[in-house]
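Visitor: What follows is a predicted protein model with its sequence.
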Amino acid sequence: MPSYATAIGSSSDNPAALAELAGIILNGGVRYPNLRVSEMHFSAGTPFETRLDQRAGKGEQVLSPAVAAFVRQETLSVVEKGTARRAYNSFALPDGTRIPVGGKTGTGDNRFETYARDGRPIASRAVNRTATFVFTIGDRFFGTITAYVPGEEADAYEFTSSLPVQIFKTLAPKIAPVVADRASY
């Protein structure tokens, strides 16, 4: 949800909402209904063959295409030159063509703080620690990786958004065959 809290990085957006936003950006500002499984095919070539196929519903324009294109370009910049640089060039087609990766990073050291009347801090306790990488791969794939430590245990951790970006980079070779198989770049 657009808000001041989102602008300063302290919103309550969850990973699914962030992934949905990445999909809206990839689709030129159009939100399509979420589909978790698009097709299942069981017992091929037998009398029990079953195919379950779910078609995506009609999309709704929720951002102007110009805004979506601008945001997409900026997310590519975050990976090429910014806080998600380590994800740059993570995917390539068999012919060597690089598949563009875009993203947005965020880190939260969420605390409950108490201050004296004069503004002096009195107490601080960790509520949780989060680090997120919302990503797009080419023009078809998107998702979110989040590291999360709840409660006061969060005081023992100092990770930043570089952790989920590194996880993305580590997973890239396992995901690459699926991305290359579905490429239309």
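Guide: Alright, I've got the coordinates. The model shown is predicted, which means the values in this text are computed figures rather than measured ones.

Visitor: Reduced to three states, what does the most centrally placed residue in the chain come out as?
Guide: The C-alpha lying nearest the average C-alpha coordinate of the chain belongs to residue 134 (Cα atoms, centre = their mean; 2.1 Å). Taken by DSSP: H, G, I helix; E, B strand; the rest coil, the conformation at residue 134 corresponds to strand.

Visitor: so how far is residue 39 from the residue lying farthest from the centre of the chain?
Guide: Within the chain, residue 47 marks the point farthest from the mean C-alpha position, 41.4 Å out by Cα atoms, centre = their mean. Here residue 47 is placed at a distance of 20 Å from residue 39 (Cβ to Cβ, to the nearest Å). Every residue, glycine included, has its C-beta placed from N, CA and C.

Visitor: swap in residue 109?
Guide: The gap separating residue 109 from residue 39 is 42 Å, by Cβ to Cβ.

Visitor: hang on, the earlier thing: go ahead and confirm the residue nearest to the centre of the chain touches residue 144.
Guide: Yes. In this structure residue 134 lies within contact range of residue 144 using Cβ atoms under 8 Å: 5.0 Å.

Visitor: Stretch 90-105 spans what distance, first to last residue?
Guide: Its start and end residues considered, stretch 90-105 measures 16 Å (Cα to Cα, to the nearest Å).

Visitor: which SS state does residue 80 fall under?
Guide: Applying three-state DSSP: residue 80 is helix.

Visitor: residues in contact with the spatially closest residue to residue 139 that is not a sequence neighbour?
Guide: What sits nearest to residue 139 in space, not counting adjacent residues and going by Cβ to Cβ, 6 or more residues apart in numbering, is residue 26, at 6.0 Å. By Cβ atoms under 8 Å, 6 or more residues apart in numbering, residue 26 lies in contact with 72, 136, 139, 140, 142.
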